[in-house]
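Asks: Sequence below, structure please.
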Amino acid sequence: MDFDNNILWSTRTFAPSRTRRVSFDNGEVLDELQVYGSYIYVAKGDITTEDTDVIVNAANEYLAHGGGVAGAISRKGGPELQKGSNEIVKKYGPIPTGSAVEQFAPASLKCRYVIHAIGPVYHNGKENEEGLLSNCIEKTLEIADRLSPPVSSLSFPAISSGIFGFPKDLCAQVFFTTILLYLKEHPKTNIKHIRLTNFDWPTVEVFQEAMVNIKEVLHLQEQQEKAKGKGEQEKNKENVKKGDGEKIEEEDTEKNKKQ
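Replies: From the prediction side, this is the model:
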């Protein structure tokens, strides 16, 4: 998908959902949004203990899980996780920035799969960092959607916002824009629960604020659409009245001719 961060604020990308809400054992949900048949949650918690079907790892292109979120997931997953990652790189080579790759989760993790998302290192904002981050988020969702048997839930960390230096507020905007557009463009997606799970308050608060902003935009758009719909109804009524008046006038003219 072509990435345009401004679309979040200029286009109606939301729709009410009838999806049944489910509970997860880990993390505190601070806010949630229902869109296009799915739920998006902002949560504070430890992604390594998430019990969603998939957890997403903020990885580098060599899948060398040394520090940050990757190191935490690797330590929780044990040697088996790193061994599997090494085999992937040996077979396919380094994973390009902006893409993602999956592997089965070790038994020490509650999830069924780990998807390694390769986010960009942030330099000056002029090297397509937003597009690359959006691409790896979208690729992660695409991979999750084609897993078999199907999965319905996954947990993302704030990819690239740690040691890769991506500004947290911009990271949150890219996340929400990409996820919303993906859900809009994939109405038959299996992914019904998307958790944005981070352990540190500064990141959690930024994502929570971004969700609040989205809800405000949604509310404003709904009000504008209601006003537009009401205006069109009034216009239709006027047209009906005008048409009835012209019909009566024509009937009177015919009567006068006959007389």
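
Asks: Pull out the buried positions in stretch 98-118.
Replies: Neighbour-count burial for stretch 98-118, counted by 16 or more other Cβ atoms under 10 Å, picks out 98-103, 105-106, 109-118. C-beta: built from backbone N, CA, C; applies to glycine.

Asks: so where's the stretch 1-150 of the chain uncertain?
Replies: 1-26 (pLDDT under 70).

Asks: Where do the helices of it begin and end?
Replies: 7-10, 68-77, 79-92, 129-146 (DSSP state H, counting those that start in this stretch).

Asks: Identify, out of those, the most deeply packed stretch.
Replies: helix 129-146 (a mean of 22; mean count of other Cβ atoms under 10 Å).

Asks: Show me the contact partners of that one.
Replies: Outside helix 129-146, the residues that touch it by Cβ atoms under 8 Å, 6 or more residues apart in numbering are 1, 3, 5, 53-54, 56, 97-102, 113, 115, 117-123, 151, 154, 156, 159-160, 166, 170-171, 174-175, 177-179, 182, 186, 189-191.

Asks: out of those residues, which are inside strands?
Replies: 54, 56, 100-102, 113, 115, 117-118, 154, 156 (DSSP state E).

Asks: Near K226, how many other residues are there?
Replies: 10 (other Cβ atoms under 10 Å).

Asks: Apologies, that question was intended for N198.
Replies: 26.

Asks: next one: phi and psi at it?
Replies: phi -140, psi 150 (degrees, to the nearest 10).

Asks: residues in contact with it?
Replies: N198 touches 43-44, 47, 157-158, 204, 207, counting by Cβ under 8 Å, 6+ apart.

Asks: so which of those is the most crowded?
Replies: Neighbour-wise, these (other Cβ under 10 Å) top out at F207, 29 neighbours.

Asks: Is that residue located within a helix, as I assumed?
Replies: Yes - using DSSP: H, G, I helix; E, B strand; the rest coil, the assignment for F207 is a helix.

Asks: So which residues make contact with stretch 59-66?
Replies: 57, 70-71, 73-74, 81-82, 85-86, 88-89, 94-97, 101, 116-118.

Asks: Kindly report the same for stretch 70-79.
Replies: Contacts for stretch 70-79 (Cβ under 8 Å, 6+ apart): 46-49, 55, 57-60, 65-66, 81-82, 105-106, 108-109, 114.

Asks: ok, now with 6 Å
Replies: Stretch 70-79 has contacts (Cβ atoms under 6 Å, 6 or more residues apart in numbering) with 48, 57-59, 65, 81-82, 106, 108-109.

Asks: Inside strands: which ones of the residues you listed?
Replies: Reading strands off these with DSSP E, I get 57-59.
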